[in-house]
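What shape does this take:
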Amino acid sequence: MNKNPRKYEWYSDPRGCVTAGWGLCMSAKDMAVIGAMVLNDGLYNGNRIISEEYLKDMLSPHLKLGERFGFMNYGYLWYKPYDDKEVYAAIGDSGNIIYINKEKKYLLE
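Here you go, the predicted structure:
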């Protein structure tokens, strides 16, 4: 059993600037917190963490991906697999996924 769990980190360059689309290491619990916050329109435990305006922009399609990515839409690090459904996924390395279905108020991480 590993007695020294991996620390939370976000890889950065020598100047301390974090990478934009990868290198964020966190626990499954933290992924669930992010998912719950997105599912609840930027609120977590009753506190506003992300503005509704930014959340809407973050989840809005900014790019239509090609066949290799199933023609999904892509926002700011969030994928939208269906054009006509409020379903989103943050897809990370090694199968780490935060799946949100806003229509059914469902979160899976």
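
If you rank every helix and strand of the protein by mean pLDDT, what lands last?
Taking mean pLDDT, DSSP states H and E as the measure, the helices and strands of the chain show their lowest mean at strand 106-108, namely a mean of 62.

got a pLDDT number for the residue nearest to Ala90 when sequence neighbours are not counted?
Leaving aside its chain neighbours, Ala90 sits nearest to Ile98 (4.3 Å; criterion: C-beta to C-beta, 6 or more residues apart in numbering). For every residue, glycine as well, the C-beta is placed using N, CA and C. pLDDT for Ile98: 93.

swap in Tyr82?
pLDDT, read off for Tyr82, is 93.

State the three-state secondary structure for Ala36.
helix (DSSP: H, G, I helix; E, B strand; the rest coil).

Just give me the neighbour total for the residue nearest to Ala90.
Residues contacting Ile98 under the criterion other C-beta atoms under 10 Å number 22.

ok, it to Gly35 distance?
Distance from Ile98 to Gly35, counting by C-beta to C-beta, to the nearest Å: 4 Å.

again with Asn96
Counting by C-beta to C-beta, the gap from Asn96 to Gly35 is 12 Å.

Since that was my last question, I'll sign off now.
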